[in-house]
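*Asks:* just need the structure, nothing else, for what follows:
(one chain, ligands or ions: 1)
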Amino acid sequence: MAAHPGGLTAAAAVQIRDLHRSFTDDRPVLSGLDLTIAPGEFVALLGRSGSGKSTLLRALAGLDRVAKDGNSKDGDASGSGDVTVPEQVSVVFQDSRLLPWQRVLRNVVLGLQGPGALRRGKEALAEVGLAGRERAWPRELSGGEQQRVALARSLVREPELLLADEPFGALDALTRIKMHGLLRALHERHRPAVLLVTHDVDEAIVLADRVLVLEGGVVKTERRIDLDGTRDPSDPRFAAVRTELLAALGLAGGAEIKENP
Ligand SMILES: Nc1ncnc2c1ncn2[C@@H]1O[C@H](COP(=O)(O)OP(=O)(O)OP(=O)(O)O)[C@@H](O)[C@H]1O
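*Replies:* Modelled structure (predicted):
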């Protein structure tokens, strides 16, 4: 797979064509995946455990060496395809990955150049509700606050693409709901294209413009979310979309989620 930062048309923030990735010869994880994400579009990616969600995200983030090197092999691992992403890509993971020996503001501006870096870092912290906590150490923050710092760190770079791999997966239900509100507000304000990997069907419906279900190495199901103003999980229209997506995941009738064979 060749990753081409930049060089995108105005019509797409992400373009993936015929992406293949396998770690062993017997079972490909991604097998001819195509995906386009429009600038500013919020896409959520669902799929059973082991379906390749993180593999796809890592390929987009340039974190996958085999995938990055074009048509390449490394032992049993191989990758091919064409992936185009914007210049500015930020990634948020389930754990905040803050440096424990750096204060919060330093974590946010790490690697940023220029005289305005600290000011921009402070503004980003204020945006995520952490004004005044610039000099705190990461260990002094709750899990939710640490994820707020991680969001500030990614947004201060003004990404055209934000990749998020289960960013709220480790948080309690109430904190998670608050983080949904925050992420929606940040998306409204900054309008990056977003690819959010999640196991939480409601989270996908609350946040995304479009929800994809990955199965058999390709995007098997695609659902545009057109519930504007009524993204209330108790709304019958919301419930109908939930049922549809659960069925696409093989979870209709409350069945247990199945691992890939
Ligand atoms: N570095 C690796 N080496 C070998 N196998 C790998 C590697 N990374 C991923 N895999 C395999 O690829 C498959 C897809 O993994 P991936 O992490 O992308 O799935 P996922 O959909 O994100 O799963 P989950 O929802 O459980 O996080 C799994 O079978 C996994 O074991």
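*Asks:* just the strands in the stretch 1-150 of the chain please.
*Replies:* 2-5, 14-22, 28-37, 42-47, 72-74, 77-85, 89-92 (DSSP state E, counting those that start in this stretch).
*Asks:* which residues touch Leu30?
*Replies:* Counting by C-beta atoms under 8 Å, 6 or more residues apart in numbering, Leu30 makes contact with 19-22, 52, 55-56, 59, 81, 217-218. Backbone N, C-alpha and C define where each C-beta goes, glycine included.
*Asks:* tell me the spacing between it and His20.
*Replies:* 6 Å (C-beta to C-beta, to the nearest Å).
*Asks:* between those two, which contacts overlap?
*Replies:* Applying C-beta under 8 Å, 6+ apart, one finds that Leu30 and His20 are jointly contacted by 81, 217.
*Asks:* one step back: which of the strands of the stretch 1-150 of the chain sits most buried?
*Replies:* Sort these by mean neighbour count, taking mean count of other C-beta atoms under 10 Å, and strand 42-47 sits at the top with a mean of 25.
*Asks:* other residues contacting it?
*Replies:* 37, 53, 56-57, 187, 193-199, 201, 203-205, 207-215, 245, 248-249.
*Asks:* let's have the strands of the stretch 1-150 of the chain in TSV, adding mean pLDDT and distance to Ser154.
*Replies:* Shown next, in TSV, are the strands of the stretch 1-150 of the chain (pLDDT from 0 to 100; distance: least, C-beta to C-beta, whole Å):
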stretch	mean pLDDT	distance to Ser154
strand 2-5	52	17
strand 14-22	90	16
strand 28-37	93	17
strand 42-47	97	15
strand 72-74	61	28
strand 77-85	78	15
strand 89-92	94	3
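*Asks:* dump the ones you listed into JSON lines; add distance to the ligand as well.
*Replies:* As requested, these are exported to JSON lines (distance: least, C-beta to the nearest ligand atom, whole Å):
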{"stretch": "strand 2-5", "distance to the ligand": "17"}
{"stretch": "strand 14-22", "distance to the ligand": "8"}
{"stretch": "strand 28-37", "distance to the ligand": "4"}
{"stretch": "strand 42-47", "distance to the ligand": "5"}
{"stretch": "strand 72-74", "distance to the ligand": "10"}
{"stretch": "strand 77-85", "distance to the ligand": "7"}
{"stretch": "strand 89-92", "distance to the ligand": "14"}
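*Asks:* let's have these in a markdown table, adding distance to Ala170.
*Replies:* Conversion of the strands of the stretch 1-150 of the chain to a markdown table gives the following (distance: least, C-beta to C-beta, whole Å):
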| stretch | distance to Ala170 |
| --- | --- |
| strand 2-5 | 29 |
| strand 14-22 | 26 |
| strand 28-37 | 24 |
| strand 42-47 | 18 |
| strand 72-74 | 31 |
| strand 77-85 | 26 |
| strand 89-92 | 12 |
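*Asks:* quick one on the thing from earlier: out of the contacts of strand 42-47, which are inside helices?
*Replies:* Residues of the contacts of strand 42-47 located in helices (DSSP state H): 53, 56-57, 187, 201, 203-205, 207, 245, 248.
*Asks:* neighbour-wise, which of those residues leads?
*Replies:* Leu56 (30 neighbours; other C-beta atoms under 10 Å).
*Asks:* most distant residue from the middle of this structure?
*Replies:* Pro115 (29.8 Å; C-alpha atoms, centre = their mean).
*Asks:* how about Leu105, nearest residue that isn't a chain neighbour?
*Replies:* Glu134 (3.8 Å; C-beta to C-beta, 6 or more residues apart in numbering).
*Asks:* the one you found touches Leu125, doesn't it?
*Replies:* Yes: counting by C-beta atoms under 8 Å, Leu125 is a contact partner of Glu134 at 6.1 Å.
*Asks:* the ligand contacts on the stretch 1-150 of the chain?
*Replies:* Proximity of the stretch 1-150 of the chain to the ligand, by C-beta under 6 Å from any ligand atom, involves residues 23, 29, 47, 49-55.
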